[in-house]
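Student: Sharing a sequence plus its predicted fold:
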Amino acid sequence: MTDSTPDIIYTKVDEAPELASASLLPIIQSFASAAGVSIGTRDISLAGRILAAFPEHLKDDQRVPDDLAILGDLVKTPDANVIKLPNISASVPQLVAAVKELQAQGYAIPDYPETPSTDAEKAARAKYDAIKGSAVNPVLREGNSDRRAATAVKKYAQSHPHRMGDWSKDSKTRVAAMDGGDFRSNEVSATLPKTATAKIVHVAADGTETVLKDAVKYPEGTVVDATYMSAQALDAFLADEIEKTKAEGVLFSLHLKATMMKVSDPIIFGHAVREFLKPVFDAHGKEMKALGVNPNSGLGDLLARVKDHDGIMTAIGAVMDARPPLYMVDSDRDITNLHVPSDVIIDASMPALIRAGGKGWGPDGKEHDAVCVIPDNSYAPVYDAAIEFFKANGKLNPATAGTVQNLGLMAQKAEEYGSHPTTFEIPADGTVRMVLDDGTVLHEHGVDAGDIWRSASTRKAPIEDWVNLAIERQKATGYRSIFWLDETRAHDAELIAYVKPILEAKGVADKFEIMAPREATIASLETITKGENTIAITGNVLRDYLTDLFPILELATSAKMLSIVKLMQGGGLFETGAGGSAPKHVQQLQSENHLRWDSLGEFCALGESFKFLGDVKDNAKARILGDAVEVATQGVLDHDRSPGRKVGDPDNRDSHYWFARYWAEALAAQTEDAELAAHFRPIAEQLADREDEIVAELHAGRGKPVDQGGYYHPDAGKTAHIMRPSPTLNAIIG
C-alpha cells in the first residue's frame, strides 16, 4: 500500500446504503482522523461502473477511474482493508434505467443495445454485460466468507424477539422443483490433474462447429463442472405447476436470482412469463416481437410495450383471469412476481415467506398460501425442508433459538456465481463439448435449441482455504459443524474428495459431519430450536441463501450480520449485510423524508475493520476505536436507537447521532489512551448537552417529499443536505 492509499477503504454504492453513508461516513472519518487513521472511498455503484466503462464517450470532467478494478488489485494484497456495502447487482431493466438517468444528466453514454447488430453496438453490449449482475462481488471476494450474527445483535434479538407468522399443519404452501432435465440432474464434474486450457464448442446436428468460448484457463486441481437445463422440460414443468396451482387455489410464485445468475436466470424467468401468458404469445407472438417484447425483461416491460394494442391487452386480461393469482411484490401498485426479474430475489423472498408462516401477498391485498416455484433442484430442497419442518413443528421462537453461522466457499469466483462467461442459450440442436488443450473431451452434453448450458469452476486454493477456515472456526467455538455437501451430486462429490483428506490429515474428521442440503437444513433447524448453535460450511450459492434464511428467522433481517472475508493474501474485506429492501427504503425517503435503513451492519463491519487494522499494523489507537465501536453498537441496541419503519419514528439519521454519541462516550471513558480520551471528552459532552437541539434539527422537514437529484446517480450536494440536516451535529463532529 502506498503512502497515498487510505488505511481503510469505504465503498460508495447505491440506494439506501449510500444514502446512509452520506450521514454516517463523515462521522467515521472525523473520529478516525483523531486516531491518525485515514478513511477513503472507492465508487462501485452501478452508475460509477457504467461511467468507468465508457470514458471515450465522456468529457474530461465527467470521466471517473475504474474503482472496481483498483479495488480488485488491492484485495490481492496483504494491505487490503475494505468495508464493502451492498451494491446493485443490476438486472437488465435496472441497467437500462440507470443508463437513461445518466444520459438525462448529460453523460453521452450509448444506449443498452438489446439486439446489437453493428460493431459499435456489440462493443457497447459487451461492456454493459460485464457491468450487470454480480459484477462486483466476484472481483472483490478474494477470500472465503465468515458470516455470523454479532454477539450484541443476537442478544438483542433474543431479548426483543420479532414477530413470526404462525404455521399451520394444513398449510398448502409448498416448493415445486423439476424432477429431471434441470441443472442438478444433468451435472457432470471433474478435478483437473494438471493446469489446462479449455474451449467450449457447440457441434450442430449438421456437423457445424461453433466455438462458444475459447482459452478458458484452469490451474491444477480445479473442479470443473458442466450442466444444462432443458428448455422443453422447463416449459413442461412450468405449465404443469401453473395448472396445479390453479387447482389448489393458492398463489403462484417464482423464485430465482436474476441478479447474481445474470445469464441463466433471466432466461428461466422469461420462460415463466411466456408460459404464464402462453395463449397470448401463441396468438400474438409476431406482433409482440415487432413491438420489442422480450419476456426475459418481465411482465412490466411487456405491458408497457403492448398497452396501446387493445387486442393484445384484452387477450392478456382473459389469460390472467384464467390463471392462478400471482404472488405480488406490491399489490397496491399491481406489481406481480413476474413483473421485473430483479424484484423477487430468492434468498430474500423465500425467507420472508417462511417467516410469515408460509404466506405471500396476493392481488387482493391479502395473505395467502403459495406454491414456490424454484425450477432447479440444486438448492430447492433447502426451502422445501424448511417449510415442511415448520409445518410439522410450528414457527421458530427467536427468544430461545440458537444461531447458524456460515463459512462459505466463495473466493476467486467459486462455483455457479462465477459461471456467467461460460453460460449459453443454445442456438440449435446438437452437442456441447468442453475440450482441453491436449484434445481431451472433459465434458459433453447432447442439447436442443433453447437449452441453457453452463460451466462453473472452483479452484484448489480456495477449497483448501475454506476447509482450514472451517477447522479454525470449529475449534474456536466447539459448535456442531456441518459441510452441506451431497455425495450424489457430481460437483459436491469432487469437493468431498478434497474435504475428507484434509480433515483426516488434521486429525479432526470426528468434529465434522457431511450432509446433503435437505438433511443439513433439518439438522440445523433441530439444533437451533433446542437453543444450540451450528456452523453451516457451504458452497457459494448456499452461502448466499443461508445467510439470509437463518438471519431473517433469527433476527428478522440479514442486514445486521457480521460478514468477514479473510482475504487469501492476508487482507480483510468487511461486508455490511444485504440490501434487498433498499429500493423500498429509497422510495419512502423520496416521498416522506424518512429513511428506515438500519446501519447496524455498517457498525459491525466498522468495528471489525478498525480491530483488524490495529492487529495487522500494530496500531493501538485503531484497536481502541474498534473496541469503542462495539460499545456504541451495544448502546444503540440496548437503548432501542435503531430506525423505525414509519414517519414520526426515529430514522437512520437519528441512529447515527446516537451511535456517534455512544462512540464518543466510550472513547472518552477508556483509559488506554489519555490523548484520545481528552479529544473525545468535549465531543461527548456537547453531543449530550445539545441532544434536544440536534434531534429537533434532524426531524425538521420529515413527512415531506425530498429530491436527491437522481436514483442511480444522485446529486452529492442534495443528498448531503437531506442526510445531514443538523448544523449543530455537523459542527460538533467537525
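Tutor: Arrived safely, thanks for sending.

Student: how far away is Leu109 from Pro65?
Tutor: In this structure residue 109 is Ile, not Leu. Plainly put, Ile109 is 16 Å away from Pro65 if you go by CB to CB, to the nearest Å. For glycine as for every other residue, the C-beta is placed from the backbone atoms N, C-alpha and C.

Student: With neighbour numbers in mind, choose between these two.
Tutor: Comparing Ile109 with Pro65 by other CB atoms under 10 Å, the one with more neighbours is Ile109, at 20 against 13.

Student: for that one, what are its contacts?
Tutor: Shown in contact with Ile109 (CB atoms under 8 Å, 6 or more residues apart in numbering): Ile50, Leu51, Phe54, His57, Leu58, Val99, Leu102, Gln103.

Student: same deal with His160?
Tutor: Going by CB under 8 Å, 6+ apart, His160 touches Asp640.

Student: which of the contacts of Ile109 are buried?
Tutor: For the contacts of Ile109, a burial check counting by 16 or more other CB atoms under 10 Å picks out Ile50, Leu51, Phe54, Leu58, Val99, Leu102.

Student: where do the helices sit along the stretch 351-500 of the chain?
Tutor: Secondary structure of the stretch 351-500 of the chain (DSSP state H, counting those that start in this stretch): helices at 380-393, 460-477, 490-505.

Student: Highest average neighbour count across those: which stretch is it?
Tutor: Mean neighbour count, computed with mean count of other CB atoms under 10 Å, is highest for helix 380-393 among those, reaching a mean of 20.

Student: and that one, what does it pack onto?
Tutor: strand 174-176, helix 346-355, helix 517-529, helix 540-555 (3 or more CB pairs under 8 Å, 6 or more residues apart in numbering; DSSP states H and E).

Student: Which among those is found nearest to Asp282?
Tutor: With CB to CB, the closest approach to Asp282 among the helices and strands packed on helix 380-393 belongs to strand 174-176: 23.6 Å.

Student: and the closest one, how far out from the chain's middle?
Tutor: How far strand 174-176 lies from its chain's middle: 23 Å, per CA atoms, centre = their mean, to the nearest Å.

Student: tell me what it is packed against?
Tutor: Helices and strands touching strand 174-176, as assessed by 3+ CB pairs under 8 Å, 6+ apart, comprise helix 231-248, strand 367-373, helix 380-393.

Student: In TSV: the ones you listed, plus mean pLDDT.
Tutor: Shown next, in TSV, are those (pLDDT from 0 to 100):
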stretch	mean pLDDT
helix 231-248	98
strand 367-373	97
helix 380-393	98
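
Student: could you dump those to JSON lines with distance to Val280?
Tutor: Conversion of these to JSON lines gives the following (distance: least, CB to CB, whole Å):
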{"stretch": "helix 231-248", "distance to Val280": "14"}
{"stretch": "strand 367-373", "distance to Val280": "20"}
{"stretch": "helix 380-393", "distance to Val280": "28"}
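
Student: For the helix or strand hosting Glu275, enumerate the helices and strands it packs against.
Tutor: Element membership of Glu275, judged by DSSP states H and E, is helix 264-276. For helix 264-276, the packing partners by 3+ CB pairs under 8 Å, 6+ apart come out as helix 231-248, strand 251-254, strand 452-458.

Student: got a list of contacts for that helix?
Tutor: Against helix 264-276 from outside (CB under 8 Å, 6+ apart): 91-92, 229, 231, 234-235, 238-239, 242, 252, 254, 256-258, 281, 294-299, 302, 319, 323, 338, 341, 373, 375-376, 419, 423, 425, 452, 454.

Student: circling back to that earlier point, and the helices and strands packed on helix 380-393: which comes nearest Ile131?
Tutor: Distance to Ile131, taken as CB to CB, is lowest for helix 540-555 among the helices and strands packed on helix 380-393, at 19.9 Å.

Student: Each with direction, which strands does the next helix-or-strand element following the closest one pair with?
Tutor: Following helix 540-555 in sequence order, the next helix or strand is strand 561-567 (DSSP H and E). Using DSSP bridges, strand 561-567 pairs in its sheet with strand 143-149 (antiparallel), strand 572-575 (antiparallel).

Student: Just say which of these is most tucked in.
Tutor: strand 572-575 (a mean of 26).

Student: how about Tyr107, what does it touch?
Tutor: Tyr107 is in contact with Leu51, His57, Leu58, Gln62, counting by CB under 8 Å, 6+ apart.

Student: could you redo the last one with a cut-off of 6 Å?
Tutor: Contact partners of Tyr107, counting by CB atoms under 6 Å, 6 or more residues apart in numbering, are Gln62.

Student: can you confirm it is in a strand?
Tutor: No: Tyr107 is assigned coil when assessed by DSSP: H, G, I helix; E, B strand; the rest coil, not a strand.

Student: Over to it: give its phi and psi.
Tutor: phi -90, psi 120 (degrees, to the nearest 10).

Student: Could you check how far it is from Ala69?
Tutor: Per CB to CB, Tyr107 is found 20 Å from Ala69.

Student: Same question for Arg433.
Tutor: Per CB to CB, Arg433 is found 33 Å from Ala69.
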